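# Sequence first, then the predicted structure:
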Amino acid sequence: MSSTQRSSPVQTLLALVSGEKSALIRALVLASLSVLMELIPYGILWLAASLVQPGMAVGHQLLQLAGWLALALVLKYLLLSLAGYFSHLAAFRVLYQVRLRIARALSRLPLMQLAPYSSGSLRKIIINDVERLESFIAHHTVDLISALISPLTAAIFLFWIDWKMALAALITVPLALLAQKIFSRGMAERVRRYHQATEQLNSAIVEFVRGIPVMKAFRQSSTSFRLLNDSLKQYHALVEQFTRRAVPSWSVFVVLLNANIFILLPLGIWRIGQGTLTLTDLVLVLMLGSGLLKPLLRVTFLSSLMREVLAGMARIQPFLTEQPPSAAVVMSPGNPLRAENISFGYEQRQVIGQLSLQLQPGGFYALVGPSGAGKSTLAWLLAGLLPPDSGEIYLGETPLSQLDDASRAAQFALVSQDVFLFKGTLADNLRIGNPHASPEQIAQALAIAQAGDFVNALPQGIDTPLHERGLRLSGGERQRIAIARALLADTPILILDEATAFADALTEAAFYRQLRQARPETCVLTIAHRLFAVQQADCLLLMENGQLVASGSHSQLLADNPLYQRLWHSQYQLQHWHIRSQECSDVDA
Ligand SMILES: Nc1ncnc2c1ncn2[C@@H]1O[C@H](COP(=O)(O)OP(=O)(O)OP(=O)(O)O)[C@@H](O)[C@H]1O
């Protein structure tokens, strides 16, 4: 675990802004000076009032004071603008760094580490939490310094004018603080639950939008979508509870902060009557005192924002973790892929139990077995996309857990049943596998993936734009593009998880044959339901109930293994209806 992971959100925040210390200090100093400028008009007013005496010509001095007043105001806004400039500079630099680190972490973190995050919660971290950081550095730091310095200097000025009136101006503070304490009781927990509910709502909305085609097909409405409905209800209940609890004490707090005028005014008038206070002083005291505590409202507001910033910081933190340097290893005859006694389960239910196997470079392996035997799970484990609960998978002597995503992706390409294509052209999608692929390499990969013909038939060929998630293509076409993309990555290990389901048995067999001819060094592990297509594999790995129950060539298993015999005969009888003997001999050739 790195130091970033161990540190608190406050420490992480400070570490992030420490690189921009000088810009931030400048911003805070300038903001403090601008607050001081705010007080100058009061001083000038007080001076002007004490200058004006009956029968004295003070026009020239008053004009001079007016000039100073105008200068103070101009300076105030100039200083505030400069403070804003420096705070924004610091904020955008920090924002850039944080987003860069999150983007790097997302591409590097093992998928399993990202598995607990829904797309809604990830979106919230990358957009909302990081944006909040920007608001905090660019605006709230400057606001906070003004909100603290302004009442402090105003109070000092008030004490200098008349200490009794100053005390009277502050008399509501303890009461307001008490109300605020009541207001913030249990706040951290409420804010945490509020964020949790927002996250759930976000995820439910994303899922709802994704499921719209299914909803339409089954004529369901949004209210019958239980997840969204439950999340909306929970969110609504939380906000209502939050408001009911917060509004009364918050109102008392706000009223008390503005209530000192009701003490200052009668007290001031009484003291003028007593001859212990001048009218000029009372006017000044009222002007300064009535607005004295308002900035504290901003402090309260900012402290609740600060809580949100820190909560966001805690969510961002795992993405800022420095990863230990990744091991570098390449599959080779001396470095096979080995699973040693691996077990894996989903939510306490064991799916793979104490399984060991070894895959050699250039080998063609087919994982076969009944539905639910654990074939896909094993494929994902072997590709390093799921970590085993116990046991270890090694490439050579290096455990897969020591590879970062980039090193892992350089060794493994996995094509799953669920193909994802990005918005862009077909070529853009193919080049994700290899950004520097030549047109010849792309054409070869498409040809092996049995996609050459349909791509050439498209009006713009590989420059055809795809809609989001490749929705313009059929499921089978998407699978072929995904295979071509994986082939372009040219990794030593290629894992196909029912990726050839698009094809009929003959095309599937032809695909494997071409793949073997074009990529003899590649270790291919395929999951295929149709045994017919993979009978040419070097080794069939037969799985049942999460165990590797037998392995060997098609003819060996057919001769020795009753489970394989059953699977083969049930499928062969089916195939026999469709495949003419001439075509069979073509495949066997
Ligand atoms: N994400 C998941 N969460 C919980 N259980 C899962 C998950 N994925 C798979 N399973 C369960 O694990 C078991 C093995 O599934 P797996 O997909 O690995 O089997 P398979 O042999 O590939 O099946 P098929 O041939 O039908 O695709 C099944 O019982 C399945 O219900």
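Received, thanks.

# I'd guessed residue 425 sits against residue 465; true?
Yes. Between residue 425 and residue 465 there is a contact under CB atoms under 8 Å: 5.3 Å. C-beta coordinates here come from the backbone N, C-alpha and C atoms, glycine included.

# Settle it for me: which of those two has more neighbours?
It is residue 425, of residue 425 and residue 465, that has more neighbours when counted by other CB atoms under 10 Å, with 16 against 12.

# so how far is the ligand from that one?
Note on residue 425: its distance to the ligand, by CB to the nearest ligand atom, to the nearest Å, is 32 Å.

# Which pLDDT value does the model give residue 4?
If you check residue 4, the pLDDT there is 42.

# What of the one 5 residues further on?
For residue 9, the pLDDT comes out at 83.

# Spit out the contact partners of it.
310-311, 313-314, 317 (CB atoms under 8 Å, 6 or more residues apart in numbering).

# Looking at these, which are in helices?
The members of those that map onto helices under DSSP state H are 310-311, 313-314.

# By neighbour count, which of these wins?
Neighbour-wise, the ones in helices among the contacts of residue 9 (other CB under 10 Å) top out at residue 313, 22 neighbours.

# measure that one to residue 12 for me?
6 Å (CB to CB, to the nearest Å).

# is it true that residue 540 lies in a helix?
No. If the criterion is DSSP: H, G, I helix; E, B strand; the rest coil, then residue 540 is strand and not within a helix.

# so it bridges to which residues?
On the basis of DSSP bridges, residue 540 is bridged to residue 366, residue 552.

# Start the count at 539 instead of 1 going forward.
In the new numbering, first residue 539, that becomes residue 1078.

# Can you give me the neighbour number for it?
25.

# Repeat that for residue 960.
12.

# tell me which element the residue nearest to it when sequence neighbours are not counted falls in.
In space, and not counting its chain neighbours, residue 960 is closest to residue 967: 5.9 Å by CB to CB, 6 or more residues apart in numbering. Assessed by DSSP states H and E, residue 967 sits inside helix 964-969.

# quick one on the thing from earlier: would you mind confirming that the residue nearest to residue 960 is in contact with residue 1004?
Yes. Between residue 967 and residue 1004 there is a contact under CB under 8 Å: 6.5 Å.

# ok, now which ones touch residue 845?
725-726, 729 are the contacts of residue 845 under CB under 8 Å, 6+ apart.

# So what touches stretch 695-712?
577, 580-581, 584, 693, 794-795, 797-798, 801-802, 805-806, 809, 815, 819-820, 822-823, 826-827, 830-831, 834.

# same thing but 10 Å
For stretch 695-712, contacts defined as CB atoms under 10 Å, 6 or more residues apart in numbering pick out 577, 580-581, 584, 689, 692-694, 717, 793-802, 804-806, 809, 814-816, 818-820, 822-824, 826-831, 834.

# what's the span of that stretch from first residue to last?
20 Å (CA to CA, to the nearest Å).

# Quickly list the domain ranges of this structure.
541-709+798-857, 875-1126 (automatic domain parsing).

# How far does the shortest one sit from its chain's centre?
The gap between the average C-alpha position of domain 541-709+798-857 and the chain average comes to 30 Å, counting by CA atoms, centre = their mean, to the nearest Å.

# That domain and the ligand, are they touching?
No. Between domain 541-709+798-857 and the ligand, judged by CB under 6 Å from any ligand atom, nothing touches; the nearest distance is 9.2 Å.

# sorry, back to before: selecting buried members of the contacts of residue 845 in PyMOL, what would you type?
A single PyMOL command suffices to select whichever of the contacts of residue 845 are buried according to 16 or more other CB atoms under 10 Å:
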select buried, resi 725+729
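
# May I see the contacts of residue 845 organised as CSV, with secondary structure and pLDDT added?
Listed next are those as CSV, based on DSSP: H, G, I helix; E, B strand; the rest coil; pLDDT from 0 to 100:
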residue, secondary structure, pLDDT
725, helix, 74
726, helix, 74
729, helix, 75
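
# what are the ranges of the strands in the stretch 589-738 of the chain?
Using DSSP state E, counting those that start in this stretch, the stretch 589-738 of the chain contains no strands.

# and if you look at the chain?
875-884, 887-897, 902-906, 928-933, 936-937, 950-953, 962-963, 1003-1004, 1031-1035, 1061-1065, 1077-1082, 1085-1090 (DSSP state E).

# in the fourth one, what counts as buried?
Right, strand 928-933. In strand 928-933, counting by 16+ other CB under 10 Å, buried: 929, 931-933.

# same check, this time on stretch 583-593
Within stretch 583-593, the residues that qualify as buried are 583-584, 586, counting by 16+ other CB under 10 Å.

# same question, stretch 822-836
822-824, 826-831, 833-836.

# ok so, going back, overlap in contacts of residue 851 and residue 550?
Overlap of the contact sets of residue 851 and residue 550 (by CB under 10 Å, 6+ apart) consists of residue 858.

# thinking again about what came up before, which one of the buried residues of stretch 583-593 sits closest to the ligand?
Nearest to the ligand out of the buried residues of stretch 583-593 is residue 583 (CB to the nearest ligand atom; 71.9 Å).

# and the closest residue to that closest one other than its chain neighbours, how far is that from residue 587?
Once flanking residues are discounted, residue 583 sits nearest to residue 822: 6.5 Å by CB to CB, 6+ apart. According to CB to CB, residue 822 stands 7 Å off from residue 587.

# And for residue 619?
31 Å.

# same question, residue 857
Look at residue 857 and residue 587: by CB to CB, they are 59 Å apart.

# what sits against residue 604?
Applying CB under 10 Å, 6+ apart, the residues near residue 604 are 582, 586.

# And the pLDDT for it?
86.

# Now render the buried residues of stretch 822-836 as a markdown table, adding distance to residue 976 and pLDDT.
Shown next, in a markdown table, are the buried residues of stretch 822-836 (distance: CB to CB, whole Å; pLDDT from 0 to 100):
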| residue | distance to residue 976 | pLDDT |
| --- | --- | --- |
| 822 | 81 | 85 |
| 823 | 82 | 88 |
| 824 | 81 | 88 |
| 826 | 76 | 85 |
| 827 | 78 | 85 |
| 828 | 76 | 81 |
| 829 | 71 | 77 |
| 830 | 73 | 79 |
| 831 | 71 | 78 |
| 833 | 65 | 81 |
| 834 | 67 | 78 |
| 835 | 65 | 79 |
| 836 | 61 | 81 |
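
# quick check, nearest of those to the ligand?
residue 836 (48.2 Å).

# coming back round to it: which of the buried residues of stretch 583-593 has the weakest pLDDT?
Lowest pLDDT among those: residue 584, 79.

# Quick check, that one in contact with residue 822.
Yes. Counting by CB atoms under 10 Å, residue 822 is a contact partner of residue 584 at 5.4 Å.

# wait, doesn't residue 566 sit right on residue 625?
Yes. Using CB under 10 Å, residue 566 is in contact with residue 625, at 8.2 Å.

# So between these two, which is more surrounded?
Comparing residue 566 with residue 625 by other CB under 10 Å, the one with more neighbours is residue 625, at 27 against 19.

# residues contacting that one?
By CB under 10 Å, 6+ apart, the contact list for residue 625 reads 558, 561-562, 564-566, 568-569, 674-681, 683.
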